[in-house]
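>>> Could you work out the structure for the sequence below:
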Amino acid sequence: MLVSMLKIEPSPSNRRELLDILHNVAGPTSSRPGCQACEIYEGAFDSQTVLYIEQWDSLANLSLHIQSPLYARLLMAMDLATSQPELKFIDSSGTYGMDLVESLRGPSPAAPGKGAQAPAE
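A predicted model of the protein is given here:
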């Protein structure tokens with residue numbers, strides 16, 4: 001299993017827009033082949049932090065999702081952050097970040113770039 005975790009802190013004025021995007025992405029994502037779960041968590045009390053988590057059965061299915069137009073909407077949501085969003089991909093062999101997305105969404109999808117290795121399936 002692979003876990004994709006996106007932690008975003010939007011400004012108070014962008015919070016509703018961010019949550020709308022995430023909710024609109026989560027439904028279709030949860031029905032994609034290989035998606036085992038898709039959840040949105042909001043920070044308690046005064047925290048603006050939003051956590052978006054996907055669980056995938058394989059790197060192949062996660063890769064197809066990252067290359068999809070649906071994932072492009074998730075990337076656009078990251079622009080609503082007040083600071084650098086935290087994006088991690090976690091599996092039993094390690095943790096990966098934006099380098100995995102860039103390698104899969106580049107002009108010709110290939111193995112992750114400089115120094116990174118794709119998670120094992």
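>>> List the backbone torsions phi and psi for T49.
phi -60, psi 140 (degrees, to the nearest 10).
>>> My error: substitute L104 in the last question.
phi -90, psi -20.
>>> Flag every buried residue along the lowest-mean-pLDDT helix or strand in the chain.
Every helix and strand of the chain was ranked by mean pLDDT, DSSP states H and E. The lowest is strand 94-96, at a mean of 78. Using 16 or more other C-beta atoms under 10 Å as the test for burial, strand 94-96 gives Y96. Where C-beta positions appear, they are placed from N, C-alpha and C, glycine not excepted.
>>> ok, that strand: who's next to it in the sheet?
Strand pairing for strand 94-96, using DSSP bridges, gives strand 86-91 (antiparallel).
>>> tell me which residues in the partner strand are buried?
Neighbour counts using 16+ other C-beta under 10 Å place 86-87, 89-91 of strand 86-91 among the buried residues.
>>> next one: stretch 95-110
Buried residues in stretch 95-110 (16+ other C-beta under 10 Å): 96, 98-101, 103-104.
>>> In the chain, where's the longest helix?
Using DSSP state H, we find that the single longest helix of the chain is helix 15-30.
>>> Low-confidence regions, the protein specifically.
46, 107-121 (pLDDT under 70).
>>> residue boundaries of the helices in it?
If DSSP H is used as the criterion, the helices of the chain fall at 15-30, 59-66, 69-77, 98-105.
>>> Can you tell me which of those helices is most buried?
For the helices of the chain, average neighbour numbers computed from mean count of other C-beta atoms under 10 Å are highest in helix 59-66, which has a mean of 20.
>>> Now that helix - C-alpha only, CSV.
This file holds the C-alpha atoms of helix 59-66, laid out as CSV (Å, rounded to 0.1, in the frame of the first residue of the first chain):
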residue,chain,number,x,y,z
LEU,A,59,2.5,2.4,-7.7
ALA,A,60,1.0,1.8,-11.1
ASN,A,61,-2.4,3.0,-10.1
LEU,A,62,-1.0,6.0,-8.1
SER,A,63,1.1,6.9,-11.2
LEU,A,64,-1.9,6.9,-13.5
HIS,A,65,-3.8,9.1,-11.0
ILE,A,66,-0.9,11.6,-10.7
